[in-house]
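Participant: Return atomic coordinates for the entry below.
(chains A and B)
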Amino acid sequence: MAAKKTKRKPARPSKADLEFVAEAEEILERMREELADLADQRSSGREVDPDLVNGIFRSAHSLKGLAGLFGFEAMGKLAHHLEDVLDSLRLGRLSMDSPALNLLDESVELFSRLMQRLGKSNFESEAQSSVEELVARIEASLQQPAVSSDDFKTLDLDPSLLRALTEYEEHRLRENINRGRHLLLVDSTFEIVAFEEGLSELSGAIRELGEVVSTLPSPGEAPESQIRFSLLVASDLSCSEVTERLDFPDTNIRLVIAGTAEASKASHVAPETQDSSTPSPPVADAPVAKQPSVEESKADLSAGIESLKSISDTVRVDIRKLDELMNLVGELVIHRSSIAGIAERLAADSTTRRAAGELSKAQNSLGRKLKELQASVLDVRMVPLRQIFEKLSRVARRLQRDLGKTVNLKFDGVDTELDKLIAEKLVDPLMHVVRNSFDHGIESAEERAQIGKSAEGTIRIEAYQRGNHVVIQIEDDGRGIDPTLVRAKAESLGLVDRDAILTDKECLALIFAPGFSMRDEVSGTSGRGVGMDVVRSNLSDMGGIVDVTSKLGRGTTLTLTLPITLAIIQALLVGVGKQRFAIPLNSVLETLLIDCSEIQNSEEKEILNLRGEPLHLRRLSDEFGVTPSDEDRQYVVVLGLGELRIGLLVDRLEGQLDTVIKSIQGPIAQVRGIAGATEIGDRGAVLVIDVSSVIEDALRRRDAA
Amino acid sequence: MQRILIVEDSATMRSLLAATLEELGDDVKVTEAASGFEALRLLPREDYDLVVTDINMPDINGLELVSFVKRNEKYSSIPLIIVSTEGSERDRDKGLGLGADAYLVKPFEPETLREVARDLLSPSESKG
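Facilitator: The predicted structure follows:
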């Protein structure tokens, strides 16, 4: 999800720190989940899943590596101890009852708290001292033997109660003692006919204050009519505090053993939920870590609360929710258009002209707000290309190993943002292009040495925004593509006529032709183009385009041009004969009104001299078989995508509108050149032209002619 | 008439136990309790000849129930069978230590339970 950058306090961590934080947070988040699972499994009395423990161990291990990589010594040390504890646990050297386990959550929280202080002055020294303190406690806890079942015999409890404990209850008892909780025995007598209600009320009240470890029924003083229950309770509250809060008749509360828990901490939180904040040595003479002073614990406590907040201020949202939101915005936009239409009609009538003016005003300000809303929703969908580039680096590292080539992958413009949906669809084609560069573009080290190139190849990937498009260039310094070889191959595959006159650029473009592959016999010499048609069709699906340039022996550059978003477009409404079409405005460079006599015919192609440059023209009426009007003057809509230009001849320009492209179901969905349909207020639906395919088809026809 | 109380929170297991024990004979009457609490309520109502209980239940556990029955003069002579999925030595020792007469680990053959039950229900009162 896009990290919407909000204004931050001045003392912000550096960019490198933020990178560390982003990754560490992810690991910590995972660890929190894993530790919660571990706690669940331990408390359920089931055997703990070894994979889970191993997973937590690996997380701690990654955390240690990460902290080391960024040179955070104290955090590295903390992670190291965390890893140690988990390693012992993983290898069975540490029992699941070890008090050290109770410090795992605390370690994770400390780590996350420390991250929040990154970049602050004296960070490292502060971190050092809090880590030392926790590490000392971890070490102390590792030396404490866990309370074993035999130790229960020393407890001041009726043996019948102890004997009736299940293994799980024993485990809970041990756990609570290890956590330093007070152990209390609550005795209460009920009438046997209605004991359940009273008992559940009592247990409910106790659960607010602590944990009910076991409930033992005994015969009451009058066994015929009474029943007595002895509840073994563990709580952070002292016996007197519990007595104060439990106001039940015929109930007697006594202390079994005093724990070390601080009552004040527990006063507002149910003890169940604050395990991590109850570090306490279980046995009186066990090595006790330095207790923080009152001031320190206050600070720690507030820091602990703060640490619950996520540092990166981001929310993960299912992209479908954003789609829904986008659809709603789109529908609002359409409704606004119909209000505008109503205002127009009202304005035509003198009796309603005044109201029309007001309506039109209101409609305009609604429009402005809708634009803002649209922009914010669009903005939320944006993700930086960094995410994709990181994936590419991983693939590149693997390719380096597999192919035994040393290639330096360089990225520029990693913060360029793109609609999440487009970004997702971009991954595969981009991966394909990079793989091709690796595989076929970059020569082997020996080959490079022979022709005087540096042994290490370079692939530079640059992204930047141009208007409503994002351009991604993949440039390698490899052997380049020989247009004559491409042409020869294309001829042999029957993709191009032997007599066709093609420029070098046009020959190169043949690599995108469906079915084209350099693979078999020519792959050794110049083999770019394995499935490049897939790249082109993928891009075309999202309204993008791919272009190639190459210098033999010097390298190849592929340029991908994509719209920033697909969700909402501004469209130019044009008319041909009785039909109307919408053209996405982001591909419209300009519109001209020309006299038909200005159109020049050259080899059956219609060309317009546009400021000295020839512009190939297509008639929209021809594209979709519509009968055009026979006006002398025509409009030319100049379409541009990447470096490609064509002029589209239409009869009328009917204005601009904001709209959402809806996909069409049924046979028309397959018509090439149509991207979808859109509603235009009360004026019905129109088809939206798929500019990329129209341009490609036009140029192909031009080239084939 | 032989009265048997079955204490088991799983409905499937409970009816399975009931069906198994009802096959002991026509004069066997099985009462079902879905929890330890329900068992505590049912115990004073009838003179049971046998109690069959599970260990892991939501309110009080089977061991606690056994402990209660055995410490209560009125019920202490009722034979008790523990049926549990917990098969460890420790649990068995615990159950038997509290005074249970038999400890069966689920799953078991229905006939095994019937045999144990037949033994525990005093022969003089059993159906001839």
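Participant: From here on, just use CA atoms for contacts and neighbour counts.
Facilitator: Fine.
Participant: count of residues packed around residue A:692?
Facilitator: Neighbourhood size, residue A:692 [other Cα atoms under 10 Å in any protein chain shown]: 26.
Participant: Excluding its own residues, what touches the helix or strand hosting it? List them.
Facilitator: Take DSSP states H and E as the rule and residue A:692 turns out to sit in helix A:691-704. Contacts of helix A:691-704 with the rest of the structure, by Cα atoms under 8 Å, 6 or more residues apart in numbering or on different chains, involve A:500, A:502, A:506, A:540, A:543-545, A:583-584, A:587, A:605, A:618, A:639, A:641, A:644-646, A:672-673.
Participant: Only the buried subset of these, as a PyMOL command please.
Facilitator: Filtering the contacts of helix A:691-704 down to the buried ones (16 or more other Cα atoms under 10 Å in any protein chain shown) takes a single PyMOL command:
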select buried, chain A and resi 506+540+543+544+545+583+584+587+618+639+641+645+646+673
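Participant: Name the residues of stretch A:496-503 that are buried.
Facilitator: Within stretch A:496-503, judged by 16+ other Cα under 10 Å, the buried ones are residue A:496.
Participant: That stretch spans what distance, first to last residue?
Facilitator: Criterion Cα to Cα, to the nearest Å; first-to-last residue distance in stretch A:496-503 is 13 Å.
Participant: does the spatially most central residue of chain B sit in a helix, a strand or a coil?
Facilitator: Per Cα atoms, centre = their mean, the C-alpha nearest to the average position across chain B is that of residue B:52, at 0.9 Å. With DSSP: H, G, I helix; E, B strand; the rest coil as the basis, residue B:52 sits in strand.
Participant: What of the one 3 residues further on?
Facilitator: Here residue B:55 is recorded as coil under three-state DSSP.
Participant: What pLDDT does the model give it?
Facilitator: As predicted, residue B:55 sits at a pLDDT of 86.
Participant: Now stretch B:4-23: buried residues?
Facilitator: Per 16+ other Cα under 10 Å, stretch B:4-23 contains these buried residues: B:4, B:5, B:6, B:7, B:8, B:9, B:14, B:17, B:18, B:20, B:21, B:22.
Participant: what does it contact?
Facilitator: B:28-36, B:39, B:48-54, B:57-58, B:110-111, B:113-114, B:117.
Participant: switch the cut-off to 6 Å
Facilitator: Residues outside stretch B:4-23 that contact it (Cα atoms under 6 Å, 6 or more residues apart in numbering or on different chains) are B:28, B:30-35, B:48-54, B:57, B:110.
Participant: which secondary structure elements does the least confident helix or strand in chain B by mean pLDDT contact?
Facilitator: Ranked by mean pLDDT, DSSP states H and E, the helix or strand of chain B with the weakest confidence is helix B:89-97, at a mean of 81. Here helix B:89-97 touches no other helix or strand, going by 3 or more Cα pairs under 6 Å, 6 or more residues apart in numbering or on different chains; DSSP states H and E.
Participant: in its sheet, what does the helix or strand following it sit against?
Facilitator: Sequence-wise, the next helix or strand downstream of helix B:89-97 (DSSP H and E) is strand B:102-105. With DSSP bridges as the test, strand B:102-105 is paired with strand B:80-84 (parallel).
Participant: What parts of chain B come near chain A?
Facilitator: Counting by Cα under 6 Å from any Cα of the partner chain, chain B comes close to chain A at B:60, B:63, B:64, B:68, B:72.
Participant: can you pick the most crowded of those?
Facilitator: Most surrounded of the residues of chain B next to chain A: other Cα under 10 Å gives residue B:63, at 29 neighbours.
Participant: give the contact list for it.
Facilitator: residue A:164.
Participant: helix or strand for it, which one?
Facilitator: Applying DSSP H and E as the criterion places residue B:63 in helix B:62-71.
Participant: Please give the centre-to-centre distance between that helix and its chain.
Facilitator: 11 Å (Cα atoms, centre = their mean, to the nearest Å).
Participant: Can you show me the CA trace of that helix as CSV?
Facilitator: Extracted in CSV, the C-alpha atoms of helix B:62-71 (Å, rounded to 0.1, in the frame of the first residue of the first chain):
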residue,chain,number,x,y,z
GLY,B,62,-13.4,-34.7,35.2
LEU,B,63,-10.7,-35.0,37.9
GLU,B,64,-12.4,-32.4,40.0
LEU,B,65,-15.7,-34.2,39.6
VAL,B,66,-14.1,-37.5,40.6
SER,B,67,-12.5,-35.7,43.6
PHE,B,68,-15.9,-34.3,44.6
VAL,B,69,-17.7,-37.6,44.3
LYS,B,70,-15.1,-39.5,46.3
ARG,B,71,-14.9,-36.8,49.0
